[in-house]
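Peer 1: model the structure of this input:
(one chain, ligands or ions: 2)
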Amino acid sequence: MAYPGGCEIGPRPIDLHLRSLRNMGAKIEESHGFLICEATELRGTEIQLDFPSVGATENIILAAVFAKGTTVIRNAAREPEIMDLERFINAMGGRVWGAGTATIYVEGVDNFHDVEHRIIPDRIVAGTYLVAAAITKGEIHLKNVVPEHLQSVLYKLREVGCIIDADNSNIYLRAPERLLSVDSVKTLPYPGFPTDMQSQMMALMTVADGISFFIETIFENRFKHTEELIRMGANIKVDGRIALVKGVKNLTGATVKAKDLRGGASLILAALAADGKTVIENARHVERGYDNIHVELSKLGVNIIKT
Ligand SMILES: CC(=O)N[C@H]1[C@@H](OP(=O)(O)OP(=O)(O)OC[C@H]2O[C@@H](n3ccc(=O)[nH]c3=O)[C@H](O)[C@@H]2O)O[C@H](CO)[C@@H](O)[C@@H]1O
Ligand SMILES: C=C(OP(=O)(O)O)C(=O)O
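Peer 2: Ligands and ions are numbered 1, 2, ... in the order given. Below you'll find the predicted structure:
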């Protein structure tokens, strides 16, 4: 197989995946840019992850469901999507437990049966729409969301002055007339602030009163949106994994380029607050993570066209 792709937000190594699969009995050779993988049977084993990687945790669970014996994953990722994967596998007849905690157990089974499963609402899409309402000083009612999955984001939105009400599956947000800056946004594995919401939160802070401090701890190169936001009038200084955002009164429409998925989303958000027209090139990046965002935003009254 080829190496995995994804947004260019840093090196994105897969060493934790490969080491774990090898420990389970897979033979994997890396050759000429490809991975040659072979296994007649995988066996359960104890795995200690150096970092709670979401992809590696999911990959190991998937490898372990039909493996012989029990697999234990320590320092596992605790994201809600891992819990959803556990529910899905167990509904099919698998045996996974511990998802949502740092230790996950998977007992291999022989087969699965059919099942109907509804995946959890996308917390990053929900967070992006909340920021859209906040940046336009508007209000929004999101239905069919899991507020519990968005606690770190809601906490920051309250800090900037938004009034938020939430129950089991609804979030209602009303933005303040003047957005306040946040002391700091530090991206962390769940339940910390998600790296996938960093650029959207930054777009919001470009028009807040005061200085906000961003620390990106998950990916080495996830500030590519900053140079585009600066083109729109934002005041941002970046030094390695740290960005300092000084809020400005107004952003101005410009021609900018989406370099990755969430960075592209942050440009759309900035465009909502900017004076005049914004053209976002390479917007295809955004479409990988949002289902018809231009249609949804049109419903909210935005004049947005996809060409
Ligand atoms: C913890 C975290 O926030 N994970 C995010 C990560 O998941 P994704 O699964 O893509 O990434 P991981 O959680 O695996 O990566 C987190 C960190 O672990 C490192 N790493 C990962 C695998 C590996 O084999 N070796 C290694 O060193 C990565 O370089 C990165 O610094 O990006 C996705 C897309 O933006 C997000 O939806 C996830 O929430
Ligand atoms: C970077 C992202 O996705 P991927 O891991 O698919 O590149 C993302 O969802 O923000």
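
Peer 1: quick one: mean pLDDT for stretch 68-84?
Peer 2: For stretch 68-84, mean pLDDT is 98.

Peer 1: got the end-to-end distance for that stretch?
Peer 2: Using C-alpha to C-alpha, to the nearest Å, the end-to-end distance of stretch 68-84 comes to 23 Å.

Peer 1: got the confidence number for the spatially most central residue of the chain?
Peer 2: Nearest to the mean C-alpha position of the chain, counting by C-alpha atoms, centre = their mean, stands residue 196 at 3.1 Å. pLDDT for residue 196: 98.

Peer 1: what does residue 5 give?
Peer 2: Here the pLDDT value assigned to residue 5 is 87.

Peer 1: equivalent analysis for residue 117, please.
Peer 2: pLDDT at residue 117 comes out at 98.

Peer 1: ramachandran angles for it?
Peer 2: phi -140, psi 140 (degrees, to the nearest 10).

Peer 1: residues contacting it?
Peer 2: Counting by C-beta atoms under 8 Å, 6 or more residues apart in numbering, residue 117 makes contact with 87-88, 91. C-beta here means a position set from N, CA and C on the backbone, and glycine is covered the same way.

Peer 1: check residue 295 too.
Peer 2: Contacts of residue 295 by C-beta under 8 Å, 6+ apart: none found.

Peer 1: can you report how many residues neighbour the residue of the stretch 151-300 of the chain found nearest ligand 1?
Peer 2: Nearest residue of the stretch 151-300 of the chain to ligand 1 (C-beta to the nearest ligand atom) works out as residue 189 at 3.9 Å. For residue 189, the count of nearby residues is 18 (other C-beta atoms under 10 Å).

Peer 1: neighbours of the residue nearest to it when sequence neighbours are not counted, how many?
Peer 2: Ranked by C-beta to C-beta, 6 or more residues apart in numbering and with sequence neighbours excluded, the top spatial neighbour of residue 189 is residue 52, at 4.9 Å. Using other C-beta under 10 Å, residue 52 is surrounded by 20 other residues.

Peer 1: wait, residue 73 sits on residue 52?
Peer 2: No: when contacts are counted by C-beta atoms under 8 Å, residue 73 is not listed as touching residue 52 (9.5 Å).

Peer 1: OK, contacts around the closest residue to ligand 2 within the chain?
Peer 2: Relative to ligand 2, the nearest point of the chain is residue 6 (3.0 Å; C-beta to the nearest ligand atom). Neighbouring residues of residue 6 by C-beta under 8 Å, 6+ apart: residue 12.

Peer 1: kindly provide the distance from it to ligand 1.
Peer 2: 6 Å (C-beta to the nearest ligand atom, to the nearest Å).

Peer 1: returning to what we had before: need the contact list for the residue nearest to the residue nearest to the centre of the chain when sequence neighbours are not counted.
Peer 2: Leaving aside its sequence neighbours, residue 196 sits nearest to residue 124 (C-beta to C-beta, 6+ apart; 4.5 Å). Taking C-beta under 8 Å, 6+ apart as the criterion, residue 124 is in contact with 194, 196-197, 262, 289.

Peer 1: kindly identify which of those also come near ligand 2.
Peer 2: 196, 262, 289 (C-beta under 6 Å from any ligand atom).

Peer 1: what sits against the closest residue to the last one other than its chain neighbours?
Peer 2: Think residue 289. With sequence-adjacent residues excluded and distances taken as C-beta to C-beta, 6+ apart, residue 289 is closest to residue 261, at 4.6 Å. Residues near residue 261 by C-beta under 8 Å, 6+ apart: 7, 285-286, 288-289.

Peer 1: return the backbone torsion pair for residue 261.
Peer 2: Main-chain torsions, residue 261, degrees, to the nearest 10: phi -60, psi -60.

Peer 1: how close does it get to residue 199?
Peer 2: 9 Å (C-beta to C-beta, to the nearest Å).

Peer 1: again with residue 185
Peer 2: Using C-beta to C-beta, residue 185 is found at 10 Å from residue 199.

Peer 1: many thanks, have a good one.
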